[in-house]
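**Student:** Fold the following.
(2 chains)
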Amino acid sequence: MNIYKIYFNHTIEILDKFKLDSNYNFDNTEILKKITLEPPKNTINGDMSTNLAMLLSKNLKLNPKEIANKLKPYISKLPNVLTVDIAGPGFINITLKQKTWSDCIKKILLDPDNWDKQDLGKGKRINLEYISANPTGPLHAGHARGAVFGDALASLLNEVGYKVIREYYINDAGSQIEKLVESSLIRYDECNGKNIKEIPVGLYPGEYLQEVGKALLKKYGKNLKQNSKEDIFNLVREVSLEVIMKMIKEDLYKLGIEMDVFTSEHNIISGNLLTDILTILEEKNLTYFGFLDPPKGVDPTKWERREQFLFKSTVYGDETDRALKKSDGSWTYFATDMAYHLDKINRTNGDLINVLGADHTGYISRINAAVNALSNGSISIDTKVCALVNLMENGKPIKMSKRAGNFVTLSDIIDAVGKDVIRFIMLTRRNDQSLDFDFKKVMEKSKENPVFYVQYAHARCNSIFKSAEILEENLHIENTDLLSGKDEIELIKFISQWPRTLELAAKNHEPHRICYYLIELSSMFHSLWNKGKDNFNFKFIVEKDIKLTNARLLLVKAVALTIRKGLSILKIKPIFEM
RNA sequence: GCGCUCUUAGCUCAACUGGAUAGAGCAUUUGACUUCGAAUCAAAAGGUUGGGGGUUCGAGUCCCUCAGAGCGCACCA
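**Tutor:** Coordinates of the predicted model:
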């Protein structure tokens, strides 16, 4: 039950009626795209506001206010309208009867699980690829943001009716895997009692690889190296990946994340997909052997002009064409990634979303071109970029150096502050803005810490039920029209905006909106709570008035319910007692 | 050098994707606990949305330009 949607639909009906009645002849397809019905930013402008008159003014060549006046009678006739005002440059502001709002609480509580359900996705499938960290070591702090962002987005899209596939791409091919194998072998020797001294530069020095060494020793004993070179490589590769992916999965699990699909780059390469993309591209005449211009900034002495096998990504807006094969004839990373995207397209039969780190922004346009070419433009891909996270300790940045080995792992952070705190804080900024994560601040029990602030509001709700000595679920859903205080009604209006917030967050792929909504809802609730301190009449529990108390407790219940809904999308546990 | 992403109050950030007087929190000043949890609340003050142009009924949001920050820039992954 999205009340704003209901009146939005009324507005569209009015447009049709108005067109008919007034004999105006105009094409309203543009207007239908731009028409809005929103809660105004400032509450003095009523409950809902539409820009319809302003949009019509272009077509009718009339002053928007004049049109608004003509529309006014139509809107006044809509159900439960108290007043219609024309304001500013031509906004039509609607105020509904108070009872409409108090009735909302009734509707919400009569169907608490489903009142906010909306089927935007209509069961459509979406493939959401996120994290996809290289399988060469455990996840570190920087991975947390993309992980949480992707996971919250998946959860959010599921909530509004999409069928989301949570996918992780394992980059288990290429030179970094060769280095991993080499590094693992050193650790194997170490476990075998050999003194290994320092790990050579360029290899992976992390001690976590000792786990791989141990696993190798356990599985193959002391004679692993008697196998052929190729066999050793494959055996070590397999065990290394197994051990490290297990670490990664465990860390993700600790963060509340379970992926649906893990796809291996290695498998993509050994399958038929690369010949498939070649067939598609060649059919469209999108490949050629040729030369690329040197990029402007590159040192000319280092530039070597050579012929390459290229994909015409410029056809789809990329800045330059991209190489598909290396000079030794093997496929480039981009080519296999293209094949991987074809794989996703085939399996998903729906749109794609990629969540990347900020250091991969330069990669987006070529992937867009690839998806466009491979799907004939029928599949859309949205790439969300997560900006940097600055780890701080009490306002000062924590210096990390991979070489010195003192980088903070994801597991460290989870152990330090808990998964719920990480999940919330990582979403308190838009994804494309960099974010400070301060270990001290996120653990603070004060308003400065938004997780605490929201949880505290929820705990307070619960505390009221305890004081009233009634269980939330035993409240009778009646007398809601006793909710008549200005702040009570404002709070109800804000709760009524919840489905709208969900919709906006889902459509724009912006889960941070959920966090901001919850913070504001909590703020309104805390405020109302304190009203009762200034004035006895505003307390939720009014000793001598059971009916009024019941009505107010229903409002509190709706607040608690909405906080829980929001948190559950973020996969955060609500706290009932601090 | 080229491209992408950014720049909003002293600080950290929002702003319903083009809407009305740009909103919060910190910090500052001042108030509210014999009463449902003061871990909270109320109020004041704080702005030429980096500068300059343009598009239109209307711009933080779109276009151009300049300045600054971050990231990326032929076979790596």
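**Student:** okay, CA-based contacts and neighbour counts for the rest of this
**Tutor:** Will do.
**Student:** Pull out the buried positions in stretch A:230-242.
**Tutor:** Buried residues in stretch A:230-242, counted by 16 or more other Cα atoms under 10 Å: A:232, A:233, A:235, A:236, A:237, A:239, A:240, A:241.
**Student:** Mind putting those into a markdown table with distance to RNA strand B?
**Tutor:** As requested, those are arranged in a markdown table below (distance: Cα to the nearest atom of the strand, whole Å):
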| residue | distance to RNA strand B |
| --- | --- |
| A:232 | 20 |
| A:233 | 16 |
| A:235 | 18 |
| A:236 | 17 |
| A:237 | 13 |
| A:239 | 17 |
| A:240 | 15 |
| A:241 | 13 |
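**Student:** Nearest to residue A:10 among the residues you listed?
**Tutor:** residue A:241 (57.4 Å; Cα to Cα).
**Student:** Only C-alpha atoms, please: export stretch A:77-93 in CSV.
**Tutor:** Provided in CSV are the C-alpha atoms of stretch A:77-93 (Å, rounded to 0.1, in the frame of the first residue of the first chain):
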residue,chain,number,x,y,z
LYS,A,77,-12.8,15.5,-6.1
LEU,A,78,-10.2,12.8,-5.3
PRO,A,79,-10.9,10.7,-2.2
ASN,A,80,-10.0,12.1,1.2
VAL,A,81,-8.7,15.4,-0.1
LEU,A,82,-9.0,18.2,2.4
THR,A,83,-7.5,21.2,0.6
VAL,A,84,-5.8,21.8,-2.8
ASP,A,85,-3.4,24.8,-3.0
ILE,A,86,-1.5,26.3,-5.9
ALA,A,87,1.9,27.5,-4.8
GLY,A,88,5.2,28.7,-6.1
PRO,A,89,5.7,28.5,-9.9
GLY,A,90,2.6,26.2,-10.3
PHE,A,91,2.8,23.3,-7.9
ILE,A,92,-0.5,21.8,-7.0
ASN,A,93,-0.3,20.9,-3.3
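**Student:** which SS class is residue A:100?
**Tutor:** helix (DSSP: H, G, I helix; E, B strand; the rest coil).
**Student:** Show me the buried residues of stretch A:230-242 that map onto helices.
**Tutor:** Secondary structure assignment by DSSP state H places A:232, A:233, A:235, A:236, A:237, A:239, A:240, A:241 of the buried residues of stretch A:230-242 in helices.
**Student:** secondary structure element for whichever residue of the stretch 1-150 of chain A sits closest to RNA strand B?
**Tutor:** The nearest approach of the stretch 1-150 of chain A to RNA strand B comes at residue A:41, 3.6 Å away (Cα to the nearest atom of the strand). Assigned by DSSP states H and E, residue A:41 belongs to no helix or strand.
**Student:** Give me the phi and psi angles of it.
**Tutor:** Per-residue torsions, residue A:41: phi -60, psi -40 (degrees, to the nearest 10).
**Student:** If you tally nearby residues, what's the number for it?
**Tutor:** Applying other Cα atoms under 10 Å, we find 11 residues neighbouring residue A:41.
**Student:** and what of residue A:291?
**Tutor:** 14.
**Student:** which residue sits closest to it in space, ignoring its chain neighbours?
**Tutor:** Take residue A:291 and drop its neighbours on the chain: the residue closest to it by Cα to Cα, 6 or more residues apart in numbering is residue A:307, 5.0 Å away.
**Student:** these two touch, right, the one you found and residue A:288?
**Tutor:** No. Using Cα atoms under 8 Å, residue A:307 makes no contact with residue A:288, being 9.9 Å away.
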